[in-house]
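[1] Below is the sequence, then the predicted model.
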Amino acid sequence: MRGALGGPGVLLRRLREVMAASISPQERLDRLVVLIAGNLVAEVCSVYVLREDGSLELYATEGLNREAVHLTLMRAGEGLVGLIAREAEPLALSDAQNHPAFSYRPETGEEIYRSFLGVPILRGGAVMGVLVIQNRATRLYSEEEIESLQTTAMIMAEMIAAGGLKSLAPPGASIGLDRPIHGIGVSLADGVGLGHAVLHEPRVAITNLIAENPASEVKRLEAAIAEMRTSIDELLERGDVAHTGEHREVLETFRMFAHDQGWLRRMREVVMTGLTAEAAVERVQSDTRAKMLRQTDPYLRERLHDLDDLANRLLRTLMGKANGVAREELPENAILIARSMGPAALLDYDRAHLRGLVLEEGGPTSHIAIVARALGIPAVGEIVNATALVQAGDAVIVDGQAGEVQIRPQPDVENAYKDKARLRARKQEQYRKLKSMPAVTKDGVPILLQINAGLLVDMPNIEATAASGIGLFRTELQFMVAEHMPTTSEQQALYNAVLDQAQGRPVTFRTLDIGGDKVLPYMERVEEENPALGWRAIRIGLDKPRLLRAQLRALLRAGAGRDMKIMLPMIATVDEFQRARMIVRREQAMLAKQGHAPPLSLQLGVMVEVPSLLFELAEIAREADFLSIGTNDLMQFLFAADRENKRVADRFDPLSVSALRALRSIVEAASEAKCPVTVCGEMGGKPLETMALIGLGYRAFSMSAAAIGPVKAMLRALDVERLHERLDWMLASPDGVASLRPQLAALAAEFKVPV
Ligand code: PEP
Ligand code: MG
């Protein structure tokens, strides 16, 4: 069996000489293919480079027809070369022409070669081209040869990435490195942002790829691995990591991987082929990333992410860089690109320069998404491999509304987005003008507009929107973005600051709504089949009142001498409300006994979001000081359609007859009992939906700050009297339609109401 001539070490040393020679890029490529073919005893060696349009162009060859260079083109997925690029996996065939994907190109003269070995040219998991060797005879390529070709491909990847081949691209056919990418992910925070990429944790640039002395590289690798293990052990032993629960489990798995023999062996093997320790780590990392991109099983993907994380740590150790980069000054119009990011890290950046955020991970309910929304930074999550596809300084557009990202956009795409951003800015300007106008309908009905909030960064929104207060302060957000359970005094400090900054405008604090999708990393997680229907919110508060009582104390103390409004989430029965009220009364009495000044007044309200309350409406409206409708949960429970499940979340329309009748029954019962009622779920912040709610009789809404302008513009054009009549009629004779949305939209058009 034929093997590599002189071994991989010799090949790499000769490659280094070619890389260092002062010759043209084409000459360099031409010499490289001759060298590789010679060393691997192959008759053919060819390099295909991925072009901007996704096709693969022959850039150099030894053995095939030279005239075919820059002429032969494989479309994406076409032929064996296209297959390798798509799968990002090596392919070794002893009889290539019988492979179903084989595609014959007469200009290359390759018909005489039977065996074929191709490997992807990978960088950061992204395919940049394909490197191929071929032999006339039918033969099997050895593991060692495959390994050797992959190592060589890595060096080519660096050459392509460094821009070395740009000048060789035929006009209009730039190489894939610069190709525009349209990434589809999920929306985390609304808005459109244009700017240039800043990598949250930039890739460590490896300058030295080829080892002088492989034995000492193995030692360097071993030392770095040992250091990495120690640092992970320390991380686990640190007091701030909860000793139980999921967080610790994740870290334990991480530690297990740091000891994974297969992974470590792979890196050692690659070092033995002649690469430096850091180049070996990167090569194995690139393979891991390529696998990760093609992995659909979320568990395996997560584990591959762990390996990727470990590789980053190793690289930093080897390159003498601290783990965790110092926050650098952001340039103007920065779009931050990260694999994942904690909320605190985002808050560290200069908000004034930040135009957008792109994450490889992160769903809409992740903490980072909550903070991005609060800061008004357009953000998109789940953009696969974003950190490898984007280079620092690249033009990037974040479309937070559509959940899409444009990387290195073509001018026409960029212009379209600039128009979109201008249009939004113009609308915002119109809404700003409305700021000083009262929220009163055309026929003189005043409507109360408040904002939803949860963090201190939300507070300037009251002033910016001229809202009359905060109708829903989600206290769990402080808990969700914290590293540890906030102490009672930390809670009190936040509530105090919120009340101070609200400057006398009412703030409705909702007690902790945790559980379900709202998980605290430092708290022991209870495994439940259906967490949304499980042990959450007030249920935890009633069963284990310690946390609720501490929070009530913090709220009551912060409210000393002021008017306080507190509301309770997920109340399902009047009895639950009464029991919770007892706990509040007990805390009030306790504080009085301890000599604390009480709030000037205290109103205790109920979130109406569990449908059972619809059948105890008269009683709850009599008992509670106010009601607030959480339409997000109410709709999910009313229709039995998980709000987090994309398949069913939009299946039922809140503007359907059943939902509108349910909502009408609440406002009627509240007005009967003279109990104030607000809508604080997302339905109340959408102009058409809010119009319908006003038609049903609602007069108070709490919504995201961005929704105030559009809702105010809508209601100022509204004639409530006429709307009420028409809506009543629609609800009386709906003709079995799934939703009244079309009729309501037609009504809005007829009334010339902007929705
Ligand atoms: C709701 O359920 O509508 C609501 C306002 O609360 P959350 O979205 O926080 O569950
Ligand atoms: Mg809710």
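    Great, that's in hand. Numbers count the residues shown, from 1 in each chain. Ligands and ions are numbered 1, 2, ... in the order given.
[2] ranges for the strands of the stretch 201-350 of the chain?
    All strands of the stretch 201-350 of the chain, identified by DSSP state E, counting those that start in this stretch, fall at 334-338.
[3] Tell me, please, where in it the pLDDT is lower than the cut-off.
    235, 238-251, 298, 302, 321-328, 344 (pLDDT under 70).
[4] of all of it, which residue lies closest to ligand 2?
    When scored by Cβ to the ion, the stretch 201-350 of the chain has residue 343 as its residue closest to ligand 2, at 20.5 Å. All C-beta atoms are positioned from the backbone trio N, CA, C, and that covers glycine.
[5] That residue: what's it in contact with?
    Going by Cβ atoms under 8 Å, 6 or more residues apart in numbering, residue 343 touches 367, 368, 370, 371, 480, 481.
[6] let's see it at 7 Å
    367, 368, 371, 481 (Cβ atoms under 7 Å, 6 or more residues apart in numbering).
[7] what's the answer for residue 693, then?
    663, 679, 684.
[8] now residue 741
    653, 655.
[9] rerun at 8 Å
    Counting by Cβ under 8 Å, 6+ apart, residue 741 has contacts 653, 655, 688.
[10] Pull up the gap between it and residue 554, please.
    According to Cβ to Cβ, to the nearest Å, residue 741 and residue 554 sit 42 Å apart.
[11] Neighbour-wise, give me the winner out of the contacts of residue 741.
    Greatest neighbour count in the contacts of residue 741, by other Cβ atoms under 10 Å, goes to residue 655: 23 neighbours.
[12] Helix, strand or coil: sort out it for me.
    coil (DSSP: H, G, I helix; E, B strand; the rest coil).
[13] The nearest residue to residue 225 once chain neighbours are set aside: neighbour count?
    Nearest non-adjacent residue to residue 225, counting by Cβ to Cβ, 6 or more residues apart in numbering: residue 264, 6.4 Å away. Look at residue 264: counted by other Cβ under 10 Å, it has 16 neighbours.
[14] Distance of residue 264 relative to residue 331?
    39 Å.
[15] The contacts of residue 693 also near ligand 2: which ones?
    Among the contacts of residue 693, no residue sits close to ligand 2 (Cβ under 5 Å from the ion).
[16] In a markdown table, list those along with pLDDT.
    A markdown table is the format used below for these (pLDDT from 0 to 100):
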| residue | pLDDT |
| --- | --- |
| 663 | 98 |
| 679 | 98 |
| 684 | 95 |
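[17] Please flag which of those residues sit within strands.
    residue 679 (DSSP state E).
[18] just the contacts of residue 693 now: which is nearest residue 33?
    The closest of the contacts of residue 693 to residue 33 turns out to be residue 684 (Cβ to Cβ; 65.5 Å).
[19] about what we covered before: what is the most widely separated pair among the contacts of residue 343?
    368 and 481 (8.9 Å).
[20] how about the contacts of residue 741 in CSV, adding pLDDT and distance to residue 472?
    Converted to CSV, these look like this (pLDDT from 0 to 100; distance: Cβ to Cβ, whole Å):
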residue, pLDDT, distance to residue 472
653, 94, 23
655, 97, 22
688, 98, 21
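[21] May I have the secondary structure class of residue 130?
    Applying three-state DSSP: residue 130 is strand.
[22] Which of residue 368 and residue 481 has more residues huddled nearby?
    Legend: neighbour count by other Cβ under 10 Å for residue 368 and residue 481, higher for residue 368 (25 against 20).
[23] Check the gap between the more buried one and residue 619 for me.
    Taking Cβ to Cβ, one finds residue 368 at 41 Å from residue 619.
[24] got it, and residue 35?
    Distance from residue 35 to residue 619, by Cβ to Cβ: 86 Å.
[25] Tell me where the stretch 301-450 of the chain has helices.
    343-348, 367-375, 386-389, 411-434 (DSSP state H, counting those that start in this stretch).
[26] mean pLDDT lowest for which of those?
    Lowest mean pLDDT within those: helix 343-348, a mean of 75.
[27] can you pull the buried residues of that helix?
    Neighbour-count burial for helix 343-348 flags 343, 345, 346 (criterion: 16 or more other Cβ atoms under 10 Å).
[28] could these be laid out in CSV, adding distance to ligand 1?
    Shown next, in CSV, are these (distance: Cβ to the nearest ligand atom, whole Å):
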residue, distance to ligand 1
343, 17
345, 24
346, 21
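[29] What is the nearest of the residues you listed to residue 25?
    Once Cβ to Cβ is applied, the member of these that ends up nearest residue 25 is residue 345, at 39.4 Å.
[30] how about the closest residue to that closest one other than its chain neighbours, what does it touch?
    Spatial nearest neighbour of residue 345, chain neighbours left out: residue 200 (7.2 Å); criterion: Cβ to Cβ, 6+ apart. For residue 200, the contacting residues are 325, 336, 337, 338, 339, 341, 345, by Cβ under 8 Å, 6+ apart.
[31] gap between the closest residue to residue 77 other than its chain neighbours and ligand 2?
    Distance criterion Cβ to Cβ, 6+ apart; nearest residue to residue 77, sequence neighbours excluded, is residue 86 at 5.1 Å. The spacing between residue 86 and ligand 2, counted by Cβ to the ion, to the nearest Å, is 44 Å.
[32] Distance from the chain centre to whichever helix or strand residue 86 is part of, please.
    Element membership of residue 86, judged by DSSP states H and E, is helix 79-87. Centroid separation between helix 79-87 and its chain, computed with Cα atoms, centre = their mean, to the nearest Å, is 30 Å.
[33] can you pull the buried residues of it?
    Going by 16+ other Cβ under 10 Å, helix 79-87 has these buried residues: 79, 80, 81, 82, 83, 84, 85, 86.
[34] For residue 105, see how far away the fourth one is.
    Spelled out, that is residue 82. Distance from residue 82 to residue 105, by Cβ to Cβ: 12 Å.
[35] got it, and the last one?
    Residue 86 sits 18 Å away from residue 105 when distances are taken as Cβ to Cβ.
[36] now the chain, which segments are flagged as low pLDDT?
    Using pLDDT under 70, the chain drops low at 1-8, 235, 238-251, 298, 302, 321-328, 344, 365, 517, 521.
[37] where does it come near ligand 1, residue by residue?
    Neighbours of ligand 1 within the chain, by Cβ under 6 Å from any ligand atom: 472, 474, 513, 609, 630, 631, 632, 633, 680, 681.
[38] Give me the residues contacting the one helix or strand residue 183 maps to.
    Using DSSP H and E, residue 183 sits within strand 181-184. Strand 181-184 is contacted from outside by 358, 380, 383, 384, 386, 389, 403, 404, 405, 406, 407, 408, using Cβ under 8 Å, 6+ apart.
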